[in-house]
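K.L.:
Give me a 3D structure for the following:
(chains A and B)
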Number of protein chains: 2
Amino acid sequence: MVEDNKLFAVIIAGGRGTRFWPLSRNTRPKHLLAISGGLPLLRQTVDRILPLVGPERVLVVTTNDQAGEVKSLLADVPPGNILVEPAGKNTAPAIALAAAHVLDRAEDAVMAVLPADHIVSPDGNFLSDLRDGAELARASGRFVTLGVRPTRPETGYGYIEVGEKLGKKAFAVASFTEKPNRKKARDYIGAGRYLWNSGMFLFPARRLMEKIKTHVPALYSGWETYRSGGRTREDVEKFYSGLEPVSIDFAIMEKCAADSAVLNASFDWSDVGSWEAIDELWGADAAGNRSNDCVVVSLASKGNTVVSRKLVALLGVENLIVVETNDAILVCAKDRAQEIKSLVGEMERRGLDKYL
Amino acid sequence: MVEDNKLFAVIIAGGRGTRFWPLSRNTRPKHLLAISGGLPLLRQTVDRILPLVGPERVLVVTTNDQAGEVKSLLADVPPGNILVEPAGKNTAPAIALAAAHVLDRAEDAVMAVLPADHIVSPDGNFLSDLRDGAELARASGRFVTLGVRPTRPETGYGYIEVGEKLGKKAFAVASFTEKPNRKKARDYIGAGRYLWNSGMFLFPARRLMEKIKTHVPALYSGWETYRSGGRTREDVEKFYSGLEPVSIDFAIMEKCAADSAVLNASFDWSDVGSWEAIDELWGADAAGNRSNDCVVVSLASKGNTVVSRKLVALLGVENLIVVETNDAILVCAKDRAQEIKSLVGEMERRGLDKYL
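P.N.:
As a prediction, the model looks like this:
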């Protein structure tokens, strides 16, 4: 694959990751975990795009308390490309921040915005879709979302209604939708013309900032000041201090459906957004138990998922998540895994912050 | 309390303790664990009797692979009093081995045979019963069993049918019974004249050996040879090499009911024989969860028992046993805890001996 010198990757590597506590911690969100594939998801995300986007055109937006680990994990990425947010303000400010740095390098750049903690395969299909998406974005000026064919009536994702065909795998966007309820999600699946919004976008950088100027003028004006400054830590702090948190989906995509396109992705995708998603990635043994390759001995036990460095013995238990880390153990019924956030909240209330 | 210079304590500290795996291991059976009371049960057993039996009259029968830890735990007991069996042969040979050493010291000695891993309280009641039992044994020549008033139709214990009254809390023995089935156990409770066999006995040592001569002549003849020898390791090995394993209950007690007495114990007693027994010893929190004082954070979880050095978080789980040790974690449904032995068997089959 030939590198695209006007294509920049903007990897969004923030978040706290309470969902996978105690694996994920305040300073170790999901993208720093080797959940599948042997390496931290962020490292895999960077490795995957390097054939198309050299390390000097990889930008990572992260937070203060993760920056150290991110820099040491991505030693091949120039340190100046690791952009540190003073505070998380959701995706729109993060992307705008990166756009300032991208536009320094090429006014006609296309930005591939990629979450740091998704899993896709095979890499070849992903890269070819990314290249096609970048070409479409550059040629048409449209904002291109990579859309994934839904496999279940998921209520945790946004959906994209596909419009007229623009190219081989490319379509206009009829509409972006918010996360649907179960009934709507089933309708979307039945209708056959909806794709999951993967959160992976291709933006002509200049054009994105024009739309931000129109739809989020406060963000734009702060950004303009930042752009004309010296790119110091103080400049970023000043830029971020007045910002409202807002997602790129809400701020821009849902308002710019007419200026958007969706590319029907040819790769398998997981946002690894739940323990259910991890179960889909990990092979099960004959009894339906899964683990991170630790030794599991089970008797009359099925459907459990285990993460440990020790031997784990299961006796007469079903559908549990068992996680062992340096300082904590979680034993959780799978159908209650959504409430791990409440458990983390309970620990905060009890002053057990050192475990978070 | 005044010491009884003709009373010797013989503490039986063997066994493998698979029931409490992974807490208990081949080289760390239950009596070496601090299950309740802060100290290993063996240490508590010795401490408890010291006001009545000085350390020089405490004998401990243990196995090769536990002898090191037993000796360091009982530094106040003369090393020559720690008797090491070459192989476990159940209780009758262990008691006979100790009797040889006891009779060296006093031909008219009484032996208090005590399991190393039971919990009794209060200590004062126990000591006073032990002293009364020793006096009865010495005065009457009977074998005295400490009998515990049953509190449930337990099928795991032997029962003693109480006969004519001999003294304040002492009775003749009408019969010793094997472990009953559930129906029989309920009948015993209903009848009101049965006590649990606590496995704690008081034997006039000389008289015990006479009965062994009658009922287990092979054991006696090996023992006689051992008694006349130099008490070397080779002597013990020779003594044990030809022995059949046999319990004192089966070999002697059940055949000598007419020569026995039972003392209705005034103390609370637990043989800590199951996780259920541990639950009875440990206080529960408001949700009915118990732990070894580790930090437990629970949500929608009740009736769990946790042993760990790490924080343990429970979410949506009930009636589980969760145990964490250096190298292993157990998650077990309480109503399957009897099958931990099978789990250990499965590990043996899989060659996971280093975890046993």
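
K.L.:
close enough to count as contact, A:Asp117 and A:His31?
P.N.:
Yes: A:Asp117 is within contact range of A:His31, at 3.8 Å (criterion: Cβ atoms under 8 Å). Any C-beta I mention is one placed from the backbone N, CA and C, and that applies to glycine too.

K.L.:
who touches both of those two?
P.N.:
Common neighbours of A:Asp117 and A:His31 (criterion: Cβ atoms under 8 Å, 6 or more residues apart in numbering or on different chains): A:Ala13, A:Gly15, A:Leu41, A:Leu42, A:Thr45.

K.L.:
Show me which residues of chain A sit near chain B.
P.N.:
Proximity of chain A to chain B, by Cβ under 8 Å from any Cβ of the partner chain, involves residues A:21-22, A:295, A:297, A:299-300, A:304, A:308, A:310-317, A:320, A:322, A:324-333, A:335-337, A:339-340, A:342-343, A:346-347, A:350, A:352, A:355.

K.L.:
When you filter the shared contacts of A:Asp117 and A:His31 down to buried only, what's left?
P.N.:
A:Ala13, A:Gly15, A:Leu41, A:Leu42, A:Thr45 (16 or more other Cβ atoms under 10 Å in any protein chain shown).

K.L.:
ok, those residues vs A:Ile35, which is closest?
P.N.:
Distance to A:Ile35, by Cβ to Cβ, is smallest for A:Leu41 among these, at 6.3 Å.

K.L.:
Tell me which residues touch the residue of the stretch 151-300 of chain A found nearest chain B, please.
P.N.:
At 5.1 Å from chain B, A:Leu299 is the closest residue in the stretch 151-300 of chain A, using Cβ to the nearest Cβ. Neighbour list for A:Leu299: A:Leu314, A:Leu315, A:Gly316, B:Arg336, B:Glu339, B:Ser342, B:Leu343, B:Glu346 [criterion: Cβ under 8 Å, 6+ apart].

K.L.:
who does the residue nearest to the spatial centre of chain A bridge with?
P.N.:
Centroid check for chain A by Cα atoms, centre = their mean gives A:Pro115 as the closest residue, at 2.7 Å. Beta-bridge pairing for A:Pro115 (DSSP bridges): A:Ile12.

K.L.:
A:Met200 is in contact with that one, correct?
P.N.:
Yes: A:Pro115 lies in contact with A:Met200 (Cβ under 8 Å); the separation is 7.0 Å.

K.L.:
between the two, what contacts are shared?
P.N.:
Common neighbours of A:Pro115 and A:Met200 (Cβ under 8 Å, 6+ apart) do not exist.

K.L.:
Strands of the stretch 101-250 of chain A, residue ranges please.
P.N.:
A:110-115, A:119-121, A:143-148, A:159-165, A:170-177, A:194-204 (DSSP state E, counting those that start in this stretch).

K.L.:
got JSON lines for the ones you listed, with mean pLDDT too?
P.N.:
Formatted as JSON lines, the strands of the stretch 101-250 of chain A follow (pLDDT from 0 to 100):
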{"stretch": "strand A:110-115", "mean pLDDT": "98"}
{"stretch": "strand A:119-121", "mean pLDDT": "95"}
{"stretch": "strand A:143-148", "mean pLDDT": "98"}
{"stretch": "strand A:159-165", "mean pLDDT": "97"}
{"stretch": "strand A:170-177", "mean pLDDT": "96"}
{"stretch": "strand A:194-204", "mean pLDDT": "97"}
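
K.L.:
between the ones you listed, which gets nearest to A:Ala87?
P.N.:
Closest of the strands of the stretch 101-250 of chain A to A:Ala87 is strand A:110-115, at 19.0 Å (criterion: Cβ to Cβ).

K.L.:
which helices and strands sit right next to that closest one?
P.N.:
Applying 3 or more Cβ pairs under 8 Å, 6 or more residues apart in numbering or on different chains; DSSP states H and E, we find strand A:110-115 packed against strand A:7-13, helix A:41-49, helix A:91-105, helix A:123-140, strand A:194-204, helix A:205-215.
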